[in-house]
Structure formats: C-alpha cells, structure tokens
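Trainee: Generate a structure from the sequence data that follows.
(one chain, ligands or ions: 1)
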Amino acid sequence: DWTMAAFRQQAVEAIRRQVGKGRVICGLSGGVDSSVAAVLIHEAIGDQLTCIFVDHGLLRQGEAEQVVELFRGHYNIPLVHRDASHLFLGELALTEEPELKRKTIGRLFIDVFEEEARKIGGADFLAQGTLYPDVIESVSFTGGPSVTIKSHHNVGGLPERMRMKLVEPLRELFKDEVRELGRELGLPERMVRRHPFPGPGLAIRVLGSITKEKLDILRKADAIFLQEIENAGLYDAIWQAFAVLLPVRTVGVMGDARTYDQVCALRAVTSTDGMTADFFPFPMDFLGRVSTRIVNEVRGINRVVYDVTSKPPGTIEWE
Ligand code: XMP
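Mentor: A predicted model of the protein is given here:
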C-alpha cells in the first residue's frame, strides 16, 4: 500500500532527525502498538535502540516466548528480557482487590523497567507506541480507572523520572493503520491481528487472589478457547476473547467420582473502540465444544459459563 509505504519512509526520517546519535529504549508488551513502534524505530536507527521486555508472568500461554523469538530471533533487535514473574507474583499474593492489583503491577513495572534501563547505561529517549486515540483521551480525560489504564499502558511518569524525551512515531495513527504499518514492516500476521490485551494481563482475569497454579489453569483454558476461535475462523470478527477464572468452586461429576472444582467464564465481545461492546453470539454447538474440551483437558475446572453481558452495563474485563 503506497500510503503506508510513504508513511514508513517519512516516519523513519523523522525518527532519525529527532534522535540523532542518541540512545533509545522501548518497552515491549507483546502487543501490536509497542511491537510496530519498536520495529519502525529499529529500521530508522538500528542498534541505537534497545528493547526492554518486562515479563510479569501474567501473559498468555506461549506469549513471552513469541516476543523473544520475534525480536531477538527474527528481527535481531537488541532485547533485554527480564523474567520478573517471581517479584510480581510475590507482591500480588498480598492483594485480591482489582485496583490494588493494577497499582501494584504498574509500580513494579516501572521499578523493574527503570532498573533494567539503568543496567544498560540509560538512554536519551523513551519510545512508546502511543496512538492517536490515546493522545485524544489523555487530554480530555478526567478521573476514573482509565487514568490507571493509561499510566500503566504507556509507562506514564517514567520519562520525567528518568529525564528522557519521548519518541512516539505512531501518534497520528489509528489502530487499523498501525496494523497496516505492521504488515508493511513485515510483522507476522498473528502479531498484527492480535486482540488488545490489558497491561495487568491475567492478574485481572484470575478473580480475587492470584497464585501460579491458578494462572496456569487459566492459561490452559484460555488457549483452548482461542484455538477453537481460530479454528472456527472467528478471530477477526471478535474484538477480544478470553477466559476468566472465578474464585468459586462447584460440584460436578467425572466418570463415577464427584468433583469440586473451579468455574471458568468465557468472554468474547465485538467493539470498535472498547468503550462500548456487545457479547459475541457464538453458535451453541461452538460453546458446547469449547466447554467439553476445557472440562476434559484442564484439571481444576469442572464448569464453564458464557458471559452474555454487554458494555455498558458490564465492562469487558471482569475486574
Ligand atoms: P473494560 O474492562 O474497562 O476494558 O471494559 C476496556 C478495554 O481496556 C482494557 N483494559 C486495560 N488495559 N490496563 C490496560 O492496559 C488496564 O488496567 C486495563 N483494564 C482494562 C480491556 O482489556 C479492554 O480492551
């Protein structure tokens, strides 16, 4: 596409002009925006860029490996991969409250990011995958949980604390344009199409108290749900789809034994911007198939329910 090819060229030149011989660090989350920003910046300034991937242990099955493989393996971009899952899970063990989970994760994320940045000698610039809607929102927004969303998502506070200037090459783009740019830059289709994923990750999908064991259970159920969605050709028709592990146990029967295990809720919505959403109308046989697979294949879950709440009044996430 000529428009994106032209944008790419202009963006590369603008990054070179802004950065000069300076050093840039970029936090990777595994999502589309930070990935596209990183690859674009690397194209412009090569190894003046270092990516920092703070792995909080709250990603989906296989995601951390995919990030490392793509950036280090495929693109050969200097990448610090810090496995901080013990630190995050240790502190998260102390809370069950959704906003406190977010705050804890945001604080630890900044601490670890800063520590890793210091280890590599700091940088002059911090790169972020800020999009046009983020720019608009942060200007007009007054209070509420989105402040936290943005502050974690875009590592707010860091640039001032570390006295870095911002590099935000996607500031004029909407999400679909970022995807197009990603394709233009040769990012794999599975990365470019990826659904939005919250910064606090699975911490807000294991309701209540978080343990490694519960996260592992959730990851298995979530992977089955997404795999079936892919197989049915429905992935691109959905805005977000995920499993939620409920802090409730119910009675079931397996063979001739009684079980007393956890409930898994499935959530899938359509949306254009995440502000409003409708539950996705799966065929019943699809839901039945996913339920059977999860109960048969995931130890610890013996019941599956589907969330038919739209937003409003429900939110997309359960916490
Ligand atoms: P809700 O649950 O508020 O979610 O309907 C709207 C969109 O925001 C995402 N979300 C978050 N993203 N940090 C993030 O980076 C957060 O704390 C957070 N909470 C919700 C959610 O996945 C959906 O796309």
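Trainee: mind listing the strands for the chain?
Mentor: 24-27, 49-55, 79-83, 125-127, 165-167, 240-254, 257-270, 278-279, 301-306 (DSSP state E).
Trainee: Check which helices and strands the third one sits against.
Mentor: It stands for strand 79-83. With contacts taken as 3 or more CB pairs under 8 Å, 6 or more residues apart in numbering; DSSP states H and E, strand 79-83 sits against strand 49-55, helix 63-68, helix 98-119. Heads up, the C-betas are built off the backbone N, CA and C, glycines and all.
Trainee: which of those sits most buried?
Mentor: Of all the helices and strands packed on strand 79-83, strand 49-55 has the most neighbours on average by mean count of other CB atoms under 10 Å, namely a mean of 23.
Trainee: what is the mean pLDDT for it?
Mentor: Throughout strand 49-55, pLDDT has a mean value of 98.
Trainee: now stretch 289-302: mean pLDDT?
Mentor: Computed over stretch 289-302, the mean pLDDT rounds to 98.
Trainee: coming back round to it: out of the strands of the chain, which comes closest to residue 289?
Mentor: Of all the strands of the chain, strand 301-306 sits nearest to residue 289, with 10.8 Å by CB to CB.
Trainee: Would you mind getting the angle between the closest one and strand 257-270?
Mentor: Strand 301-306 and strand 257-270 are oriented at 30 degrees to each other (axes from the mean of the first three to the mean of the last three CA atoms, to 10 degrees).
Trainee: partner strands of strand 301-306, parallel or antiparallel?
Mentor: strand 257-270 (parallel) (DSSP bridges).
Trainee: who's residue 301 bridged to?
Mentor: Under the criterion used (DSSP bridges), residue 301 bridges to residue 262.
Trainee: Next one: it relative to residue 169, how far apart?
Mentor: Distance, residue 301 to residue 169, using CB to CB, to the nearest Å: 42 Å.
Trainee: just residue 218 next, same as before
Mentor: Applying CB to CB, the value for residue 218 to residue 169 is 34 Å.
Trainee: same question, residue 3
Mentor: Residue 3 sits 16 Å away from residue 169, going by CB to CB.
Trainee: Neighbour count for the two, which is higher?
Mentor: Counted by other CB atoms under 10 Å, residue 3 and residue 169 do not tie: residue 169 has more neighbours, with 25 against 11.
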